[in-house]
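Colleague: Give the three-dimensional model of this entry:
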Amino acid sequence: MLINQFLLLGAALFALGVYGVLTRRNAVMVLLSVELMLAAVNINFVAFDRLIGDELAGGQIFALFIIAVAAAEVGIGLAIILLIFRNRRSANVDELDLLKL
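Modeller: Next up, the predicted model:
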């Protein structure tokens, strides 16, 4: 397969993620869109790593770090969303003005 196919897939996934972040009102859906964007970045890192043929596999190592950060982000993000939902009875991003002055 050509690298163009992987880059187009990564660009399409990233664009879908950005669209989800900008248009969704539910905080869980926003987190899922961010995860979609991180998956697109992982695809690009691995595709460029295979193209360059680096002996250290730098792109794959970065992808592993991104997966670890994404797992931590999901755990902490969902915990925060659940606490907000318990207190406010809504996970709507527009209604989260808790920290507003």
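Colleague: Any stretches of this protein with poor pLDDT?
Modeller: Counting by pLDDT under 70, the chain shows low-confidence ranges at 97-101.
Colleague: can you tell me which helix in it is longest?
Modeller: Taking DSSP state H as the criterion, the chain has its longest helix at helix 58-88.
Colleague: Tell me the helices and strands packed up against that one.
Modeller: Helices and strands touching helix 58-88, by 3 or more CB pairs under 8 Å, 6 or more residues apart in numbering; DSSP states H and E, are helix 27-52. The C-beta positions use only the backbone N, C-alpha and C, and glycine is treated the same way.
Colleague: Okay, buried residues for the helix it packs on please.
Modeller: Under the neighbour-count criterion of 16 or more other CB atoms under 10 Å, helix 27-52 has 27, 30-31, 33-49 buried.
Colleague: Just want the angle from the longest helix of the chain to helix 27-52.
Modeller: Calculated by axes from the mean of the first three to the mean of the last three CA atoms, to 10 degrees, helix 58-88 forms an angle of 180 degrees with helix 27-52.
Colleague: Please state the offset of helix 58-88 from the chain centre?
Modeller: From the chain centre to the centre of helix 58-88 is a distance of 9 Å (CA atoms, centre = their mean, to the nearest Å).
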